[in-house]
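Asker: Here is a sequence with its predicted model. Questions after.
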Amino acid sequence: MNIAFLLTPKQDVAFLYDDNTLRQGLEKLRSQGYRVIPVLDRAGKYVSTVSEGDFLWHIVGRTPGTLKAFVPEMAEQARVRDILGEDRNPPVTITATVEDILDRVAEQNFVPVMDDIGSFIGIVTRRRVMLHLRKNRVVEAE
């Protein structure tokens, strides 16, 4: 089966650009109700994902035992690209197998999907995979 059947296309996916400010990023997360969101560059290439925790750790600082003073201007000066850490939602290409997707959705809520040149084309969600599996399940004979 082609994973394109499970794809939520880019135009239906909330995402951030890596040059968005922290304020813009937080506003998008809040308005959409997500905890993790894909990040793209302005050319439409997949960069990473960013989470609420990434924003929090950037604001309070990563040094144990100390809290960084929050300066409101920080929310307008810092960019999403400044807070990206290790990508916990690595992408797949559109040619990935359903087995590849199953392995990924066992560990993450969505899988970013790119075309062959690295452009972001959408996501496959855990929910969509589970609904597909339920709809197409094989009933075992008793």
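Answerer: Now that the structure is in, tell me what you want to look at. No experiment lies behind these values; they were computed from the predicted model shown. Numbering: from 1, shown residues only.
Asker: neighbouring contacts of the lowest-mean-pLDDT helix or strand in the chain?
Answerer: Within the chain, no helix or strand scores below helix 74-77, which has a mean of 78 by mean pLDDT, DSSP states H and E. Helix 74-77 has contacts (C-beta atoms under 8 Å, 6 or more residues apart in numbering) with 21-23, 26, 59. Heads up, the C-betas are built off the backbone N, CA and C, glycines and all.
Asker: What residues sit buried inside it?
Answerer: Within helix 74-77, the residues that count as buried by 16 or more other C-beta atoms under 10 Å are 74-75.
Asker: Tell me which helix or strand comes right after it.
Answerer: strand 92-93 (DSSP states H and E).
Asker: Okay, now the sheet partners of that next one, with direction.
Answerer: Applying DSSP bridges, strand 92-93 is found paired with strand 110-114 (parallel).
Asker: how many other residues sit next to residue 36?
Answerer: 16 (other C-beta atoms under 10 Å).
Asker: confidence score at it?
Answerer: Looking at residue 36, its pLDDT reads 93.
Asker: roughly how far apart are the nearest residue to it once chain neighbours are set aside and residue 58?
Answerer: Spatial nearest neighbour of residue 36, chain neighbours left out: residue 51 (4.6 Å); criterion: C-beta to C-beta, 6 or more residues apart in numbering. Plainly put, residue 51 is 11 Å away from residue 58 if you go by C-beta to C-beta, to the nearest Å.
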